[in-house]
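K.L.:
quick one: sequence plus predicted model below, questions after.
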Amino acid sequence: NAGVTQTPKFQVLKTGQSMTLQCAQDMNHEYMSWYRQDPGMGLRLIHYSVGAGITDQGEVPNGYNVSRSTTEDFPLRLLSAAPSQTSVYFCATYPYRVHYYEQYFGPGTRLTVT
Amino acid sequence: DAKTTQPNSMESNEEEPVHLPCNHSTISGTDYIHWYRQLPSQGPEYVIHGLTSNVNNRMASLAIAEDRKSSTLILHRATLRDAAVYYCILRDVGGKLIFGQGTELSVKP
């Protein structure tokens, strides 16, 4: 039981490049979400999903796309990377029907855009 | 989304109790009070949550004011491993966690 896994752990991109951050979970949780954390700041919600085929925007969705074709995976796509997207990205999950349940966070992906 | 207010930082001595306050004056009746902490270079981890009554678990205790406009996370005996940023979050029925700045707790040996 791996919990929440994120790949890659580290990534350096040039401005304008695209890439996909991967998030996978093996707990059969309906709810998955993406956060970003800038240095010295709290986490900000980018996008979230309450089940396969359903996604919605969080606080800071611009510059990111998501899709949810399976329960297990929730990839985050950067279409054209910008230096302002340099951050640490965390994925989180929980069983949606138990709305007060704890959320499980992945270890994070540290992204640098030059 | 209802907001929370926490002190930016607090200090504690090892093996002493720590009381981390949180104000949430705009809390709604269906908001749960959640606490998460983030150790250095790690993702946040769940600590405790409550709705109206005080709660205890193996990690901490949560004391909730009668009017629910404030709460306090209590670490009964701080250890060096408890040094982290502690986030107080109001969670609505949709499940979104909206993080604030949190309180950075340092523990002195």
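P.N.:
Great, that's in hand.
K.L.:
strands of chain A, start to end?
P.N.:
In chain A, the strands defined using DSSP state E lie at A:4-7, A:10-13, A:19-25, A:31-37, A:43-51, A:54-57, A:64-66, A:76-78, A:87-94, A:104-105, A:109-113.
K.L.:
nearest to chain B, of those?
P.N.:
For the strands of chain A, the distance to chain B is smallest for strand A:104-105, at 3.4 Å, taking CB to the nearest CB. In short, each C-beta sits where N, CA and C put it, glycine included.
K.L.:
that closest one vs chain B: in contact?
P.N.:
Yes - using CB under 8 Å from any CB of the partner chain, strand A:104-105 reaches chain B at A:104-105.
K.L.:
tell me which strands that strand pairs with, and in which orientation.
P.N.:
strand A:87-94 (antiparallel) (DSSP bridges).
K.L.:
between strand A:109-113 and the strand it pairs with, find me the angle.
P.N.:
Going by axes from the mean of the first three to the mean of the last three CA atoms, to 10 degrees, strand A:87-94 is angled at 150 degrees with respect to strand A:109-113.
K.L.:
so how far is strand A:87-94 off the chain centroid?
P.N.:
Computed by CA atoms, centre = their mean, to the nearest Å, the chain-centroid distance of strand A:87-94 equals 5 Å.
K.L.:
how about stretch B:42-55?
P.N.:
7 Å.
K.L.:
is chain A contacted by that stretch?
P.N.:
Yes - for stretch B:42-55, a contact with chain A is found by CB under 8 Å from any CB, at B:42-46, B:49, B:51.
K.L.:
could you identify which of those has the most neighbours?
P.N.:
residue B:44 (27 neighbours; other CB atoms under 10 Å in any protein chain shown).
K.L.:
list the contacts of it.
P.N.:
Listed by CB atoms under 8 Å, 6 or more residues apart in numbering or on different chains, the contact partners of residue B:44 are A:43, A:90, A:92, A:103, A:105, B:36-38, B:87, B:99.
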